[in-house]
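Asker: Build the 3D model from these lines:
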Amino acid sequence: MKEIDYNDDSKEGKLRRWVDNLQLESWQLELLITGFSIFLLASGLDEYEAFKQHIKFDKLTASSDYMVVFTGAGLFIVNTIPYALKYFLVSLLLHLLLRGFWIGIVGLSSVSNNIDFDKLKLKGPFRKYLPQKVRTLDNLIFFVDQISSVVFAYTYLLVFSMLSVVLVASFLFAFLGLINVSLNYVTNPTAVTLLVFAVFVIALLLFIAAALFFLDSLFFSAFKKSRWFSIIFYPIYRVYSIISLSFIYRSIYYHLITNFSKKQIMTVSGILLVLVLISNQLNSWNRYTFYPDMKTENRFVIKSVHYDDERTSGYIYTASIPSKVVRESYLPLFIRYSPEHNFTLQYFCPDSENLNDDVSLREGIEAGMKYQQDTTKTVSELMLEKKASAEEIQSALSCIDSTYEVLLDGAIIPTDFMYTTHKNKGERGFLQMLDIGNLERGKHIVSVRKLEYQGAVIGSDVRKERFKMVDMVEIIFWKE
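Answerer: Numbering: from 1, shown residues only. Prediction:
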C-alpha cells in the first residue's frame, strides 16, 4: 500500500488525503444512510402496495389488442419492484447487523485487546487449534469493517442491477408495443406479413443481445475474455450499457470481481437470496388448507369489498351494493367499468367511442377560429357541440347493455344502465336499479355476466362467435 505524503500540497495529494479521511469516517455515513434507507423501505412497502394497486386498477389494463404488450411491460415493472425492495431491505439489515457487531468490537478493544489463552487451561487439540484460529480484536475489527463496507456497496450494486433489468425489459416491451401499434396502420397483407417477420427477427436479436449482456455480468465478464467473441459482444455491451444505465455503477462491479473471489461473491449473493426466499415463504405460508382463495367471485364467498357499508379500503373491481341486508324496495347495483372491456366494446359498439366530455386544446383552438368566421354562435356553444349529446350517450348505453347480463336469483332481468361514479374511490361504472319489492324475505343472489372474447387477441382473426358471456361476480344479500 502506498504511503500518503501529508506534506504534499499538490491537487493530487490533497485529493488523496481527502479520500483517505473520508474512508476512515465512512462507517458513520454508512450507518446514517442504512438507517434512513431501512426506515424508508419498511414504511414504504405498504405505501408502494397502495400505489401499485392504484396503477394496476385502471392504468395497466389491456384495453385493446395492441395495449397488451404495453400493459405487460408495466405489470412486469410494478411486480418486480417489491422483490427488489425486499432484497434491498434484507441486505441493509445485514449491513446494520455487521456494523453493530463492529462497533461492539471497537468498544471492547478499548477495554482490553488481548486474549489470554493460558487462563483457559486448554487441553488436547484445542491447545493448538484455538490460538491459531481465533482472531485478535484488531484483526477482527479490520475484517468486519471490510466486510461491512463491501456488503454496503454490494447492496447498492444489486439495486442498480435490478433497475437495469427493468429498464432493458421496458425497452424491449416498448419496442414490441410500438411495432404492434404500427400494424394497425398497414393495410396491405403482404406488407403486414413482411413487417411481422422483420419485427420478429429484430425482437429475437434484441432479446438474445440483452440476455448476453446480463449473462456476461453474472459470469464475471466471461464474454469479454474471448478473443473472437469480444469483437461481436463489444457493440452489444456499448448499446445496453446506455439503455441499462450500467455505466453509473460499473466501477463498483469491476472493483468487486477483481478484489474478491467468485466463491465469496456467490456466497454472499446466495445468503441474501435465501433470506429473501425465506421471508417470502413465511409471508405466503398458508395453514388454512380447507379455506378457499378469497379472490373467488361466487355465491359461496362473501367479500366486504362488495358492500359499501363494510368496505374499509381498496377499489371496487367488479360490482357493489349498499349493504348485505336490504330494507328498501329498490337495490342500487354498481357495476365497475374496466378498460379491459374496451376490446369487446370496440368490436360491438365502435360508434360509441370517445364520449369523454373533455375538450382538447386543439378542439378549443378550432372553436375559436370558427367563431371568428361565424359570430352567430359563441365559443362556448361551439365547444359544447364537440361534446357528446344526450342521444349519443343513450345510444352508447343501449349498446353497452347488450354486452352485460344481470341476473336476480338466476333469472335474467332487463339491463337499464346509467353512467355513474362511485363515492368509494371515484370508480367509473354503471348503475342498475333492481326492483326487489316483490322478493320474499331472506337470502337472494344478484349475478353479473359480461361478454368476453375467448382466445388469444393478438395475431388472431377476431370473430363474433368467439365472444361468450362469462361470470363476472355473484353477490349475496338478505332482504329484511
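Asker: from here on, contacts and neighbour counts on C-alpha atoms
Answerer: Will do.
Asker: now the strands for the protein?
Answerer: Using DSSP state E, the strands found in the chain span residues 319-320, 325-326, 330-336, 404-408, 411-413, 418-421, 428-435, 442-453, 467-479.
Asker: Contacts for the fourth one next, please.
Answerer: Just to be clear, that refers to strand 404-408. With contacts defined as C-alpha atoms under 8 Å, 6 or more residues apart in numbering, strand 404-408 is touched by 412-415, 444-451, 469.
Asker: For PyMOL, write the select line for the buried members of the residues you listed.
Answerer: To isolate the buried ones among the contacts of strand 404-408 in PyMOL, judged by 16 or more other C-alpha atoms under 10 Å, type:
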select buried, resi 415+444+446+447+448+449+450+451
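Asker: for the contacts of strand 404-408, which one is nearest Phe348?
Answerer: Closest approach between the contacts of strand 404-408 and Phe348, by C-alpha to C-alpha: Leu451, at 10.1 Å.
Asker: what's near enough to touch the closest one?
Answerer: By C-alpha under 8 Å, 6+ apart, the contact list for Leu451 reads Thr344, Thr403, Tyr404, Phe467, Lys468, Met469, Val470.
Asker: of those, buried ones?
Answerer: Taking 16+ other C-alpha under 10 Å as the criterion, what is buried in the contacts of Leu451 is Thr344, Thr403, Tyr404, Phe467.
Asker: among the residues you listed, which two are most distant?
Answerer: Tyr404 and Phe467 (12.0 Å).
Asker: quick one, helices of the protein?
Answerer: For the chain, helices defined by DSSP state H occupy the ranges 11-24, 26-58, 68-111, 126-133, 137-182, 189-218, 229-243, 250-259, 262-284, 342-348, 361-373, 379-385, 390-401.
Asker: Name the residues of the last one that are buried.
Answerer: Read it as helix 390-401. Under the neighbour-count criterion of 16+ other C-alpha under 10 Å, helix 390-401 has Ala396, Leu397, Ser398, Cys399, Ile400, Asp401 buried.
Asker: And it, how far out from the chain middle?
Answerer: Its chain's C-alpha centre lies 36 Å from the corresponding centre of helix 390-401 when counted by C-alpha atoms, centre = their mean, to the nearest Å.
Asker: which other residues reach it?
Answerer: With contacts defined as C-alpha under 8 Å, 6+ apart, helix 390-401 is touched by Leu345, Phe348, Cys349, Asp351, Ser352, Leu355, Thr415, Asp416, Phe417, Met418.
Asker: where does the stretch 251-400 of the chain have low pLDDT?
Answerer: Counting by pLDDT under 70, the ranges of the stretch 251-400 of the chain that qualify are 283, 294, 354-389.
Asker: that older thread, most tightly surrounded among the strands of the chain?
Answerer: strand 319-320 (a mean of 22; mean count of other C-alpha atoms under 10 Å).
Asker: Partner strands of that strand and their direction?
Answerer: Neighbouring strands of strand 319-320 in its sheet, by DSSP bridges, are strand 330-336 (antiparallel).
Asker: how much does the partner strand deviate in direction from strand 467-479?
Answerer: Here strand 330-336 points in a direction 140 degrees away from that of strand 467-479 (axes from the mean of the first three to the mean of the last three C-alpha atoms, to 10 degrees).
Asker: Quick one: distance of strand 330-336 to the chain centre.
Answerer: 32 Å.
Asker: Adding distance to Tyr317, write the contacts of helix 390-401 out as a markdown table.
Answerer: Converted to a markdown table, the contacts of helix 390-401 look like this (distance: C-alpha to C-alpha, whole Å):
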| residue | distance to Tyr317 |
| --- | --- |
| Leu345 | 18 |
| Phe348 | 23 |
| Cys349 | 23 |
| Asp351 | 26 |
| Ser352 | 23 |
| Leu355 | 22 |
| Thr415 | 20 |
| Asp416 | 20 |
| Phe417 | 18 |
| Met418 | 18 |
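Asker: Buried subset of the residues you listed as a ChimeraX selection?
Answerer: Entered in ChimeraX, the line below selects the buried ones among the contacts of helix 390-401, by 16+ other C-alpha under 10 Å:
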select :345,349,352,415,417,418
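Asker: follow-up on the earlier one: widest-spaced pair of the contacts of strand 404-408?
Answerer: Greatest spacing in the contacts of strand 404-408, by C-alpha to C-alpha: His444 and Leu451 (23.7 Å).
Asker: Looking at the contacts of strand 404-408, spot the one nearest Ile202.
Answerer: Here the nearest of the contacts of strand 404-408 to Ile202, counting by C-alpha to C-alpha, is Leu451; it sits at 36.0 Å.
Asker: Can you name the residues that contact the closest residue to that closest one other than its chain neighbours?
Answerer: Sequence neighbours aside, Met469 is the residue nearest to Leu451 in space, at 4.4 Å (criterion: C-alpha to C-alpha, 6 or more residues apart in numbering). Shown in contact with Met469 (C-alpha under 8 Å, 6+ apart): Tyr404, Glu405, Arg449, Lys450, Leu451, Glu452.
Asker: where are the low-confidence patches of the stretch 51-200 of the chain?
Answerer: For the stretch 51-200 of the chain, the ranges with pLDDT under 70 are 54, 56-74, 177-187, 189, 192.
Asker: For the spatially closest residue to Val151 that is not a sequence neighbour, list the residues it contacts.
Answerer: Counting by C-alpha to C-alpha, 6+ apart, His95 is the residue found nearest to Val151 once chain neighbours are left out, at 6.2 Å. The contact partners of His95, taken as C-alpha under 8 Å, 6+ apart, are Thr34, Ser148, Val151, Phe152.
Asker: Could you tell me how far the second one is located from Leu93?
Answerer: It refers to Ser148. Per C-alpha to C-alpha, to the nearest Å, Ser148 is found 11 Å from Leu93.
Asker: the more surrounded of these two?
Answerer: The residue with more neighbours, out of Ser148 and Leu93, is Ser148; 22 against 16, by other C-alpha atoms under 10 Å.
Asker: Including distance to Phe300, could the contacts of His95 go into JSON lines?
Answerer: Below are those laid out as JSON lines (distance: C-alpha to C-alpha, whole Å):
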{"residue": "Thr34", "distance to Phe300": "48"}
{"residue": "Ser148", "distance to Phe300": "54"}
{"residue": "Val151", "distance to Phe300": "50"}
{"residue": "Phe152", "distance to Phe300": "51"}
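Asker: which among these gets closest to Thr258?
Answerer: Proximity of the contacts of His95 to Thr258 was ranked by C-alpha to C-alpha; the top entry is Val151 with 15.5 Å.
Asker: unless I'm mixing things up, the closest one is touching Val90, no?
Answerer: No - Val151 is beyond contact range of Val90, at 11.0 Å (criterion: C-alpha atoms under 8 Å).
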